[in-house]
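Undergrad: predicted model, plus sequence, below.
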Amino acid sequence: MASFAPRRSTTASPGSRTLSLDEWEANAPLSESAKRSAAWMGERAKERPLPEKFTRPQTPETPRPALPSHLRPTSPNGSTPSSSPRRTRSMLNLAALTGTPPGSRPGTPAQQQAQQQQPIATPQQFLEWFGRVEQAMEHEHEDIYRAHLSELEGYEDACAALLKKLELAEERVGAMLEGWRFVEERSSSLKSACENLLEEQDRLLQATDDIAARLAYFKELEHATRLLNLPGESLVMRDDFLSMLNRLDECLAWLDSHRSYKDASLYLIRFQQCLTRSLTLIKMYFITSLRSLAQSITPLLAVSSATQSHLLYAKFRAAAPPLRVLIQQLERRAKRQPDEYESLLTECWAAYLGIRAQVVGPGVKEEVGRLDLSEGELVGLTRMGCGYIKQLSVDEFELYKEFFASGEDQFYDFLSNLSDNLHDHLRPRILHEPKLDTLCEVCTVLQALMVPSSGGDGEDEAESAAPTPEGTGELGPSLEVAELLRPLLQDAQTRLVFRAQSVLQSEIQHYVPKDADLDYPAKIEAAREAMAKAPALPEGREDTSRDELFDLPASDVQEAWYPTLRKTFWVLSRLHSFVDPAIFDDLAQEAVSLCRASLSTAAVSLVARDGAQKDCGTLFLIRHLLVLKEMTARMELVQRESGVDFSGVGDALSELLKNRSAIFNPNALFALGSRAIPRVVESLTDAKMEIDHALKTACEDLLSSCAADASAPLSPILSQASGFLAASASASAQRSRLAEQEWAAPEKLSQAHDAFRRGAERAVGETVQKMKQWLDDEKTVKVLGPPMLDAVVAAYSPFWDLVRTECGPEVAAGLATPSALRLVLREALEKAEAQEKIGGRGE
């Protein structure tokens, strides 16, 4: 039997892929409601009813006479089979397909005869009937098998018919598959051809767009030329003019990077000409607009002075926004190509500043002329005039920034020309001002106006950062008024330095002291009493009059200073805030040196005055040198001096004269010439070191004076012993003869030792008292105490050595050793200090 299953094509369609059940589940998951619906449909589809055409009732067969029950065949299980064969659903389905009723078959002649109803008359008929009955019984017994066979035959007929239909369907499906393959092959080739055509179309369109984009740069020349050929200068205010400028920049940049294109260099030149012409039109329109504005307000300025501010600034500010937009275009291109367009921008600057000088200059001259020059008060005049110039500069700067974002150098030249009017009025007054304090106040006013601040009005108005016009989004540079006021400040500083040098010469170097100036130590006591009576400053408040560099004490303390010292620091305190640091260092070096010399001269004058002791002059010098050292501690007083050293020239000539054969030796001549070259030598002069040296010398003089007073009883014996020892011939003779001298007797030596000891204790105590009287710093007194003891012991040591070596140890045993003397003197020193403290507490 041929297979009736349809054959499936194994060739898959191009581009298709069979999906498994798991992939379907993963790509399209079912919801819970969808799953419940599918389960319900599955349950209902399990017992699907047959179509109506298969379930219609068939025509009933002709009934046959039923056999007696005892004649009916029995089934193997003892049940009586049904007289009619069973009809199952499958039999009905096959019968429907074949068109033959199930269980129906043509009857046999014997059955037909057995079914006939004829009367039995003869034995033969009975036998025939009996045979028919027997045959019917046998047939009835085999009827179930015949029905099954009939059913199988029906199945076979139905399968054969179904197979024929399947073969026909297979043939049709094969034909359809061949057609589908043909169509698919043709469609794939058509699709490839279409895709190629689309790609070619896209490529051509892209090429067309690229060519059009490149040609757009070349076509822009025609549009720019046509726009620039329009009559009049007002075309720069057209809406499409600025966009044309930006487009010209783009075309120039593109052509500059694509010079290999045909006629690119020619178009580049033409575009450059168009851009230059456009910027020239901007310049001409800008200058014309400013000139027309100036011509319109000039007659009004002469008529009314009350509206000058409105005319000079409001009118210009109203005209600034449209002009600012044009100037921005010019500034941007001048920054990128200064060689090409900076000249145009410079002409705009010059035109603007010239017009502003024309309209503002007469008013400035008139305002400066109104200043009251007859007052004779230079500080007020300077404050008023410089405040006016500063306010004018701020207004002009803000107006300038409404138009330009660059050109500050030219603008400062313009402001400098305006401020020259004030400078010409003030400079003669400053250069003839004799007072140092007035010059310092002028410098203070100028420096205060030159310092930028955050806000204010009038003369204290800040130099705030001027904002640029809208659209830039940036803040312009701040106005530096210091550049305008610096010439006046330099004149004041020059005059201040000159007057300071005059003061140093007249009141320090050539100062002639008066009697009251040398009234020491009375002036020190008076200053201490004034300080004790002076009220103390409240807590949290400081003396604002103190100078930051010198930290000058109160005026009562300065009253105890020598006038030259007080004048030195007064001058330096005025100068250090107003002059250049290098100039101040030179002046300070000179002033300190002159002051130190004047103090030394005053110390000599003090000793010579009324027969004062030498210690007074020394303590006077120590006191003032300590103040000078303290006040100059924060100052740099090192001065560099350069000079040319020609000593090598003389050495080389001397060597050449000694060795004349070196004239014919080039190497020797070269060596001599290199050594003979003059050298620049720098020398350093430190005024602080000079002060330290002078202070050290004064302290040594004080200690030497104290030691000399203490060793006065020993001086005759030491002088006689020195003369005697010098005249003697041998050491043995000296020892025997020196001890025998009357002035070297043990009693004389003991008396001299006792007198020295009492004088040393007295000299130490008196010196300590004097130092406390003259010097305000107790630390200095304590510092000088040990060296003073060393000096006294050093003066006693020669006497002790002489007695111990020449008079024998028996005589020396009755005298104090230097170490024992030091202990005694230290006790005297501590006693003097303790008494001073107790006395101070009692007072």
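TA: In hand now; what should we look at?
Undergrad: OK, contacts around Ile287?
TA: Neighbouring residues of Ile287 by Cβ atoms under 8 Å, 6 or more residues apart in numbering: 347-348, 351. C-betas here are computed from N, CA, C, even on glycine.
Undergrad: which helix in the protein has the most residues?
TA: For the chain, the helix that runs over the most residues, judged by DSSP state H, is helix 143-228.
Undergrad: hey, C-alpha coordinates of stretch 499-514 in CSV?
TA: Output of stretch 499-514 as CSV, limited to C-alpha atoms (Å, rounded to 0.1, in the frame of the first residue of the first chain):
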residue,chain,number,x,y,z
ARG,A,499,62.9,118.8,51.3
ALA,A,500,63.9,115.7,53.4
GLN,A,501,67.5,116.0,52.3
SER,A,502,67.4,119.7,53.2
VAL,A,503,66.0,118.9,56.6
LEU,A,504,68.7,116.2,57.1
GLN,A,505,71.4,118.7,56.2
SER,A,506,70.1,121.7,58.2
GLU,A,507,68.5,120.0,61.3
ILE,A,508,70.7,117.0,61.8
GLN,A,509,74.1,117.3,60.2
HIS,A,510,74.6,121.0,61.0
TYR,A,511,72.4,121.1,64.1
VAL,A,512,73.6,123.4,66.8
PRO,A,513,72.4,122.2,70.2
LYS,A,514,70.9,124.5,72.7
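Undergrad: show residues contacting it.
TA: The contact list for stretch 499-514 (Cβ under 8 Å, 6+ apart) reads 433-436, 439, 562-564, 567-568, 571, 574-575, 587, 590-591, 594-595, 597-598, 602, 605.
Undergrad: pLDDT below threshold where in the stretch 601-750 of the chain?
TA: Applying pLDDT under 70 to the stretch 601-750 of the chain flags the ranges 610-613, 636-686, 724-742, 744.
Undergrad: ugh, wrong one, I meant the stretch 1-150 of the chain
TA: Looking at the stretch 1-150 of the chain by pLDDT under 70, you get 1-21, 45-118.
Undergrad: ok so, going back, following the chain onward from the longest helix of the chain, which element is next?
TA: Next along the chain after helix 143-228, taking DSSP states H and E as the criterion, comes helix 239-257.
Undergrad: can you check what angle separates the helix or strand just after that following helix from helix 143-228?
TA: Sequence order places helix 264-303 as the next helix or strand after helix 239-257, per DSSP H and E. If you take axes from the mean of the first three to the mean of the last three Cα atoms, to 10 degrees, helix 264-303 sits at 60 degrees to helix 143-228.
Undergrad: which of the residues in helix 264-303 are buried?
TA: When neighbours are counted by 16 or more other Cβ atoms under 10 Å, the buried residues of helix 264-303 are found to be 264, 267-268, 270-272, 274-275, 278-279, 281-283, 285-287, 289-290, 293-294, 297, 301.
Undergrad: same question, stretch 760-777
TA: 760-761, 763-765, 767-768, 770-772, 774-776.
Undergrad: do you know how far the residue lying farthest from the centre of the chain is from Gln337?
TA: Distance from the centre of the chain peaks at Thr122, with 147.1 Å (Cα atoms, centre = their mean). Computed with Cβ to Cβ, to the nearest Å, the distance linking Thr122 and Gln337 is 151 Å.
Undergrad: which of the buried residues of stretch 760-777 sit farthest apart?
TA: The span of those, defined through Cβ to Cβ, is set by Ala760 and Asp776 at 26.7 Å.
Undergrad: narrow the contacts of stretch 499-514 to those in helices?
TA: Short answer: the contacts of stretch 499-514 in helices (DSSP H) are 436, 439, 563-564, 567-568, 571, 574-575, 587, 590-591, 594-595, 597-598, 602, 605.
Undergrad: avg pLDDT for stretch 796-814?
TA: Across stretch 796-814, pLDDT averages out at 75.
Undergrad: mind showing which ranges of the stretch 251-400 of the chain have poor pLDDT?
TA: Where the stretch 251-400 of the chain drops to pLDDT under 70, the residues are 302-307, 372-376.
Undergrad: so which elements touch the longest helix of the chain?
TA: Applying 3 or more Cβ pairs under 8 Å, 6 or more residues apart in numbering; DSSP states H and E, one finds that helix 143-228 makes contact with helix 89-98, helix 239-257, helix 264-303.
Undergrad: is it possible to export those to TSV including distance to Glu184?
TA: Shown next, in TSV, are the helices and strands packed on helix 143-228 (distance: least, Cβ to Cβ, whole Å):
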stretch	distance to Glu184
helix 89-98	37
helix 239-257	51
helix 264-303	54
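Undergrad: Ala698: which of those helices is closest?
TA: Closest approach to Ala698 among the helices and strands packed on helix 143-228 (Cβ to Cβ): helix 264-303, 72.9 Å.
Undergrad: can you name the next helix or strand after that closest one?
TA: Following helix 264-303 in sequence, per DSSP H and E, is helix 308-309.
Undergrad: how far is that next one from where the chain is centred?
TA: 42 Å (Cα atoms, centre = their mean, to the nearest Å).
Undergrad: also stretch 622-636?
TA: 43 Å.
Undergrad: run through who's touching that stretch.
TA: Around stretch 622-636, the neighbours that count as contacts under Cβ under 8 Å, 6+ apart are 524, 549-552, 561-562, 565, 568-569, 585, 588, 592, 595-596, 599, 602, 687-688, 691-692, 694-695, 698-699, 702, 774-775, 777, 780.
Undergrad: now, of the ones in helices among the contacts of stretch 499-514, which are buried?
TA: By neighbour count, with 16+ other Cβ under 10 Å, those hold 436, 439, 563-564, 567-568, 571, 574-575, 587, 590-591, 594-595, 598, 602, 605 as buried.
Undergrad: which residues in the stretch 701-843 of the chain form helices?
TA: Here the stretch 701-843 of the chain has its helices, by DSSP state H, counting those that start in this stretch, at 715-727, 731-738, 746-774, 778-802, 809-812, 818-842.
Undergrad: leaving out chain neighbours, which residue sits closest to Ser797?
TA: Among residues not flanking Ser797 along the chain, Pro818 sits closest, at 5.4 Å (Cβ to Cβ, 6 or more residues apart in numbering).
Undergrad: the one you found and Val803: what is the separation?
TA: As judged by Cβ to Cβ, Pro818 and Val803 stand 12 Å apart.
Undergrad: swap in Pro434?
TA: Distance check for Pro434 against Val803: by Cβ to Cβ, it reads 70 Å.
Undergrad: compare neighbour counts for those two and give me the winner.
TA: Val803 (25 against 9; other Cβ atoms under 10 Å).
Undergrad: please look at the more buried one and Glu810 and confirm they touch.
TA: No - look at Val803 against Glu810 with Cβ atoms under 8 Å: they stay out of range, at 10.3 Å.
Undergrad: share the number of residues neighbouring Val579, please.
TA: With other Cβ under 10 Å as criterion, Val579 counts 21.
Undergrad: next: the one 3 residues further on.
TA: Residue crowding around Ala582 was assessed by other Cβ under 10 Å; the count is 8.
Undergrad: check contacts around it.
TA: Contacts for Ala582 were tallied using Cβ under 8 Å, 6+ apart; there are none.
Undergrad: what about it, which helix or strand?
TA: helix 581-608.
Undergrad: again, but for Cys699
TA: For Cys699, the host element (DSSP H and E) is helix 687-710.
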